[in-house]
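show me how the following folds:
(one chain, ligands or ions: 1)
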Amino acid sequence: MLMLGFIARSALAELKVVASTSDLASIAKYIGGDKISVKYIVDGRSDAHFVEVLPNYMVMVSRADVYLKVGLGLDFWAQLIIDGSRNSKIQIVDCSQGIEVLGKPSGQVNASMGDVHAEGNPHYQLDPADGLIMARNIEAGLVEADPANTAAYEAGLKSFEDQLNSKLAQWQKEAEPLKGLQIITFHESWPYFSRAFGIEIVGFIEPKPGIEPTASHTAEIIDMIKIRGIKIIGKEPYFSNKAPNVIARETGARVVDLPQMVGGSPGTDTYFALFDTLLARLNAAAGSNP
Ligand SMILES: [Zn+2]
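Residues are numbered from 1 along each chain as shown. I've put the predicted structure just below:
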């Protein structure tokens, strides 16, 4: 049995992939199929900006072949996990390569202000067109780590792209009644989603990304909702209901749970299902019938 150690890994075992987020893991699984095993650190039930670096994550990464990062500062904690894993052979893929970054700060950003989007908005997975760029980055990483299975990864990417294109047509149709819909959200998770589907995000419950709501900012949001007649307050699942409920009570707008990553709520088990659910919930909340 000792000989097995000398046979190319890819002929025998799955390529072990660890991803920072459930979104990257979901896309990787479409591409790698049974050639890979995928684990992830954080899913849509928690805030990917703030992840506690646990020893078991380092153990997980110490046994992995490929690490998939979101980049743009979202998963800055990934480097601590990778360093802690002491796995010098791991292939690191920054999935933000080639993404057109929105919300890049124009002037100096004062990090002491706590803005967690100092490198631009990192929630690019919410434009399905970016999903294809992510998939291409992931496929290139898998091929580099495991060239013996290049044909399988190429086929996986092609199949992902075909499915994405057919879903895109469906989603654009579903988003049709939502074009120009103005909503408030808790966190600035949505500029890429807004670009893709034409929904307008006009304000945030957080005064700045990563900063807790304040009384004065909440009062401003209440005024804005009243003036503009906004009906929907979108809330990512892991934020407290407290401020959204206060705003809803004062304005009559409705709080709608909007998962921004895979696994954030029921019906978001895959990257494709995430968009199905988001568009269905927004249509239901807006009272539109696509
Ligand atoms: Zn953010």
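
outside of the stretch of helix or strand residue 59 belongs to, which residues touch it?
In this assignment (DSSP states H and E), residue 59 forms part of helix 55-62. The contact list for helix 55-62 (C-beta atoms under 8 Å, 6 or more residues apart in numbering) reads 18, 39, 41, 67, 81, 82, 84, 85, 86, 87, 90. Where you see a C-beta, it was placed from the backbone N, CA and C, and this is true even at glycine.

which among the residues you listed end up buried?
Among those, those scoring as buried are 18, 41, 67, 81, 82, 84, 85, 87, 90 (criterion: 16 or more other C-beta atoms under 10 Å).

out of the contacts of helix 55-62, which sit inside strands?
18, 39, 41, 67 (DSSP state E).

ok, the second one touching residue 19?
Yes - taking contacts as C-beta atoms under 8 Å, residue 39 lies within contact range of residue 19: 7.3 Å.

shared neighbours, the two?
residue 25.

residue 32: neighbour count?
For residue 32, the neighbour count with other C-beta atoms under 10 Å is 24.

which ones are touching it?
15, 17, 38, 142, 152, 153, 156.

please report how far it lies from residue 26.
Applying C-beta to C-beta, to the nearest Å, the value for residue 32 to residue 26 is 11 Å.

and residue 156, by the same measure?
In terms of C-beta to C-beta, residue 156 sits 13 Å off from residue 26.

what's the answer for residue 185, then?
Counting by C-beta to C-beta - residue 185 and residue 26 are separated by 22 Å.

cool, residue 284 as well?
Going from residue 284 to residue 26 by C-beta to C-beta gives 24 Å.

select the longest helix from the protein.
helix 150-175 (DSSP state H).

doesn't residue 154 make contact with residue 33?
No - Residue 33 is beyond contact range of residue 154, at 11.8 Å (criterion: C-beta under 8 Å).

can you give me the strands in this structure?
Under DSSP E, the chain gives strands at 15-21, 36-42, 66-69, 91-94, 182-185, 200-204, 232-235, 254-257.

how far does the second one sit from its chain's centre?
Meaning strand 36-42. Mean-position distance between strand 36-42 and its chain equals 14 Å (C-alpha atoms, centre = their mean, to the nearest Å).

ok, back up a step: okay if I get the contacts of residue 32 as TSV plus neighbour count?
As requested, the contacts of residue 32 are exported to TSV (neighbours: other C-beta atoms under 10 Å):
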residue	neighbour count
15	23
17	29
38	22
142	29
152	19
153	26
156	24
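
under the pLDDT cut-off, which ranges of this structure? List them.
Where the chain drops to pLDDT under 70, the residues are 1-12, 108-113.

how near is the closest residue to residue 251 other than its chain neighbours to residue 257?
Take residue 251 and drop its neighbours on the chain: the residue closest to it by C-beta to C-beta, 6 or more residues apart in numbering is residue 225, 4.4 Å away. As judged by C-beta to C-beta, residue 225 and residue 257 stand 18 Å apart.

which one's more surrounded, the two?
The residue with more neighbours, out of residue 225 and residue 257, is residue 225; 24 against 16, by other C-beta under 10 Å.

isn't the more buried one right next to residue 253, touching?
Yes - using C-beta under 8 Å, residue 225 makes contact with residue 253 at a distance of 5.4 Å.

which residues are in contact with each of those two?
184, 233, 247.

out of the residues you listed, which comes closest to residue 277?
When those are compared for distance to residue 277 (C-beta to C-beta), residue 233 wins out at 17.5 Å.

run through the residues that contact that closest one.
Applying C-beta under 8 Å, 6+ apart, the residues contacting residue 233 are 183-186, 205, 225, 244, 247-248, 253-256.

next, count neighbours for the nearest residue to residue 71 once chain neighbours are set aside.
Nearest residue to residue 71, sequence neighbours excluded (C-beta to C-beta, 6+ apart): residue 96, at 3.4 Å. Close neighbours of residue 96, defined as other C-beta under 10 Å, add up to 22.

list the residues that contact the closest residue to residue 74 other than its chain neighbours.
Computed as C-beta to C-beta, 6+ apart, the closest residue to residue 74 that is not its neighbour in sequence is residue 122, at 3.6 Å. Counting by C-beta under 8 Å, 6+ apart, residue 122 touches 70, 71, 72, 73, 74, 96.

let's see that with 6 Å instead.
By C-beta atoms under 6 Å, 6 or more residues apart in numbering, the contact list for residue 122 reads 70, 72, 74.

name the nearest residue to residue 226, ignoring sequence neighbours.
Spatial nearest neighbour of residue 226, chain neighbours left out: residue 251 (5.8 Å); criterion: C-beta to C-beta, 6+ apart.

thank you, goodbye.
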